[in-house]
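Trainee: I would like the atomic coordinates for the input below:
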Amino acid sequence: MKEFFATYPLAAWSIVSVLLAMVVIASLWEKVRWWWFNTWVSFPFIGRIARLAGDHNEDTVYPGWFSGERTLCQEYKNFVHIQDEHDFNEKVSYLTKAGDNGRKDTPKWIWLLTVSMVFVEAMGFSYVLAGYTLPGASENLQQTGAYGIAFLISVILVAFTHMAGHELYKSERIKNARREWVEDKRAHKLQTGTIPLARPQSSDDHMPGYTQLCNRVGAHPTYKIFALTVVFVLLVACLATYVRGQVLERELDARVTQTNAQVDIAVQSTNNSLDMSVKNVKLPDADAAANGDADKKVATDEANIDRHGGWATFIVLAFVFVFLQILGVIFGYRWGFAGENSAEAFRDIGYGRYSSYAAMRDHYRQIADTAQAKLAVLQQKLMAKNSVTGTSGQHLSKTFRDYIQETRLIDEQERNNERKHADAVAVTKHSTTTILATPAGPTPIVSAPATTTAQQAAMTPLAPIASQNNQEVDQILDQLDQLGEDKVAKKNLILALPTELSDLVKVALKQQKEEKDRKAREADAELEDLL
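Mentor: Take a look at the predicted model:
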């Protein structure tokens, strides 16, 4: 690497600049992507509008549209991820109840900074380790091995420290919830069941905040990854310091031994010399030995000074290494989410880009306005060319919002068809099961319908139903949700309940259905207003 930078500095720094530019583009990818697409659409002669304007074919599947119009609208639709206000608020509610509202993912520059610092630190002792892992290898091969070892150690340390910080944050949230539960004298359950993002977030509104948090985060703190990280970091720090120290001791011993050998050779050569000049006057043996001992003592003292300074430096480096890992744990604690589906909820609401649903709607209105402006330019070009060629002089009046509305209706129709198909398959399976369960023979025998394992589990009472309160109704509703689309098992569960509790469950189911229909109507009206 050093030789490459020294030999080709321009090429080396060009590569570094390109890599840094790629990092910046990756961190700002959505903005760069939007800017580049709009630039390419309006580019003269070879841009999208210029090319689509040459397509004079009308769309036979969707009357009133030209093929180029729908193509341009589809390309702009890729930037629009519309959701109704209810879905947006559901995701915000999940983040709030999980204690993650206001938090964000770890920024990309934090990842880059962490990896760079750990890699630089790892390079300090990976080169020493390479001498032992690649004994007898050449200098270039040892350097290559040092880079590889530094990369492996960096990846492991960054991953472990980040997960340890995330585990600490999650466990602290759970500990706070358990403390509030104890302070509340355990009046309610700490956890009534896992509530994923796909379920209605209002299902536990009547429960205290600590129960809502545990339903989305968990009820038991753990510190396994943190403990493993501490052991690994201390082990690496101690072993790296030990190896560095051993290399230093070996070099110092070799230097002292070499100095002593040179002194002994010099004394012996002086004593055996036949040159009787003034400069080479032969000293007495005692004096020559004293001079040699003095030279050896100087070499030993210098080695001791270097030894103390070297070990002090290695200890400081070990502390720096440990504090770098602590910084990685702090980064993992500062960013990230505790809820099981908080990352998905954060992504669906725009990665924290929108503070409210109104902000999201304004953003997509800007995209729709830009798309409509580009579509108007394309329509003008199409009408101008059609009038010249005489093929069609009709006025093009379709808008981008018309395209969005049409695609939304098509998607809704496809979902309805899928639901009808799923219901038909369920009815067919139920009918087949009933026929197979009916015994053959001349004597009709009344037998109980065959039940699956899930149905038998559903028919088993959850607990002695002694009181008819909201908590028992919630337990029954949770178990009904867990049964999914198995309507037979749901019916069996409701029929197995006492009459009064069964009536309460039916009322609750009716309220849920009415609430779901109301929200669907509101969502449809919201989309109509938005588009």
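
Trainee: So residue 95, which state does it fall into?
Mentor: helix (DSSP: H, G, I helix; E, B strand; the rest coil).

Trainee: ok, now which ones touch it?
Mentor: Going by CB atoms under 8 Å, 6 or more residues apart in numbering, residue 95 touches 101, 103, 337, 339, 342, 345, 346. In short, each C-beta sits where N, CA and C put it, glycine included.

Trainee: out of the residues you listed, what pair is the most spread apart?
Mentor: For the contacts of residue 95, the farthest-apart pair by CB to CB is 103 and 345; their separation is 11.1 Å.

Trainee: If you rank the contacts of residue 95 by neighbours, which is first?
Mentor: The most neighbours of any of the contacts of residue 95, using other CB atoms under 10 Å, belong to residue 339, which has 27 neighbours.

Trainee: Which residues are in contact with the nearest residue to that residue once chain neighbours are set aside?
Mentor: Of all residues not flanking residue 339 in the chain, residue 98 sits nearest, at 3.1 Å (CB to CB, 6 or more residues apart in numbering). With contact set as CB under 8 Å, 6+ apart, residue 98 has these partners: 213, 216, 217, 337, 338, 339, 342.

Trainee: Need those in CSV (columns: distance to residue 488).
Mentor: Supplementary listing: these in CSV, determined by distance: CB to CB, whole Å:
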residue, distance to residue 488
213, 35
216, 31
217, 34
337, 38
338, 38
339, 34
342, 35
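
Trainee: What's the local residue count around residue 176?
Mentor: 15.

Trainee: Give me the distance between residue 234 and residue 322.
Mentor: 8 Å (CB to CB, to the nearest Å).

Trainee: one step back: now the contacts of residue 95 in a markdown table, with distance to residue 156, secondary structure and pLDDT?
Mentor: Shown next, in a markdown table, are these (distance: CB to CB, whole Å; DSSP: H, G, I helix; E, B strand; the rest coil; pLDDT from 0 to 100):
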| residue | distance to residue 156 | secondary structure | pLDDT |
| --- | --- | --- | --- |
| 101 | 32 | coil | 90 |
| 103 | 26 | coil | 90 |
| 337 | 23 | coil | 93 |
| 339 | 27 | coil | 92 |
| 342 | 26 | helix | 93 |
| 345 | 30 | helix | 91 |
| 346 | 27 | helix | 92 |
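
Trainee: Which pLDDT value goes with residue 419?
Mentor: Here the pLDDT value assigned to residue 419 is 73.

Trainee: Against residue 412, how distant is it?
Mentor: Using CB to CB, residue 419 is found at 11 Å from residue 412.

Trainee: And the residue nearest to residue 339, its phi and psi?
Mentor: Torsion angles at residue 98 (phi, psi; degrees, to the nearest 10) stand at phi -80, psi 0.

Trainee: Could you report the separation of it from residue 351?
Mentor: Counting by CB to CB, the gap from residue 98 to residue 351 is 17 Å.

Trainee: for residue 338, same thing?
Mentor: On the measure of CB to CB, residue 338 and residue 351 end up 17 Å apart.

Trainee: And the two? Which one has more around it.
Mentor: Counted by other CB under 10 Å, residue 338 and residue 351 do not tie: residue 338 has more neighbours, with 21 against 11.

Trainee: Could you pull up the residues touching the more buried one?
Mentor: Here residue 338 is in contact with 98, 99, 100, 169, 170, 173, 217 (CB under 8 Å, 6+ apart).

Trainee: Now for the chain, the helix or strand with the poorest mean pLDDT.
Mentor: When each helix and strand of the chain is scored by mean pLDDT, DSSP states H and E, helix 453-459 comes last, with a mean of 41.

Trainee: what about residue 92, neighbour count?
Mentor: Neighbour number of residue 92 under other CB under 10 Å is 18.

Trainee: Whichever strand or helix holds it: which residues count as buried?
Mentor: Here residue 92 sits within helix 85-97, counting by DSSP states H and E. Within helix 85-97, the residues that count as buried by 16 or more other CB atoms under 10 Å are 85, 87, 88, 90, 91, 92, 93, 94, 95, 96, 97.

Trainee: Surely residue 122 is in contact with residue 150?
Mentor: Yes. Here residue 122 lies in contact with residue 150, judged by CB atoms under 8 Å, at a distance of 4.0 Å.

Trainee: Tell me which of the two has more neighbours.
Mentor: residue 122 (26 against 22).

Trainee: Against which helices or strands is the strand or helix carrying that one packed?
Mentor: Residue 122 is part of helix 108-133, with elements assigned from DSSP H and E. Helix 108-133 is packed against helix 9-27, helix 139-183, helix 224-271, helix 285-334, with contacts defined by 3 or more CB pairs under 8 Å, 6 or more residues apart in numbering; DSSP states H and E.

Trainee: Need the ones you listed in TSV (columns: distance to residue 502).
Mentor: Formatted as TSV, the helices and strands packed on helix 108-133 follow (distance: least, CB to CB, whole Å):
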stretch	distance to residue 502
helix 9-27	57
helix 139-183	31
helix 224-271	44
helix 285-334	48
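
Trainee: so which of those helices comes closest to residue 495?
Mentor: Closest among these, once you apply CB to CB, is helix 139-183, at 35.1 Å.

Trainee: Just the residues contacting the following helix or strand past the closest one, thanks.
Mentor: Scanning forward in sequence from helix 139-183 by DSSP H and E, the next helix or strand is helix 209-217. Outside helix 209-217, the residues that touch it by CB under 8 Å, 6+ apart are 94, 97-99, 170, 173-174, 176-178, 180-181, 184, 188-195, 204, 207, 338-342.

Trainee: let's see 6 Å
Mentor: 97-99, 173, 177, 180-181, 188, 190-191, 195, 204, 338-339 (CB atoms under 6 Å, 6 or more residues apart in numbering).

Trainee: and it, how far from the chain's centre?
Mentor: In terms of CA atoms, centre = their mean, to the nearest Å, the centre of helix 209-217 is found 22 Å from the chain centre.

Trainee: Specify the angle between that helix and helix 139-183 in degrees.
Mentor: 150 degrees (axes from the mean of the first three to the mean of the last three CA atoms, to 10 degrees).

Trainee: now helix 209-217 against helix 85-97, angle please.
Mentor: Going by the same axes, to 10 degrees, helix 209-217 makes 110 degrees with helix 85-97.

Trainee: Report the rounded mean pLDDT for helix 209-217.
Mentor: 94.

Trainee: mind exporting it as PDB, just the C-alpha atoms?
Mentor: Extracted C-alpha coordinates of helix 209-217, given in PDB (Å, rounded to 0.1, in the frame of the first residue of the first chain):
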ATOM      1  CA  GLY A 209     -47.600   2.100  29.500                       C
ATOM      2  CA  TYR A 210     -45.300  -0.500  30.900                       C
ATOM      3  CA  THR A 211     -47.500  -3.300  29.600                       C
ATOM      4  CA  GLN A 212     -47.700  -1.600  26.200                       C
ATOM      5  CA  LEU A 213     -43.900  -1.400  26.000                       C
ATOM      6  CA  CYS A 214     -43.400  -5.000  27.000                       C
ATOM      7  CA  ASN A 215     -45.900  -6.200  24.400                       C
ATOM      8  CA  ARG A 216     -43.600  -4.700  21.800                       C
ATOM      9  CA  VAL A 217     -40.100  -5.000  23.300                       C
END
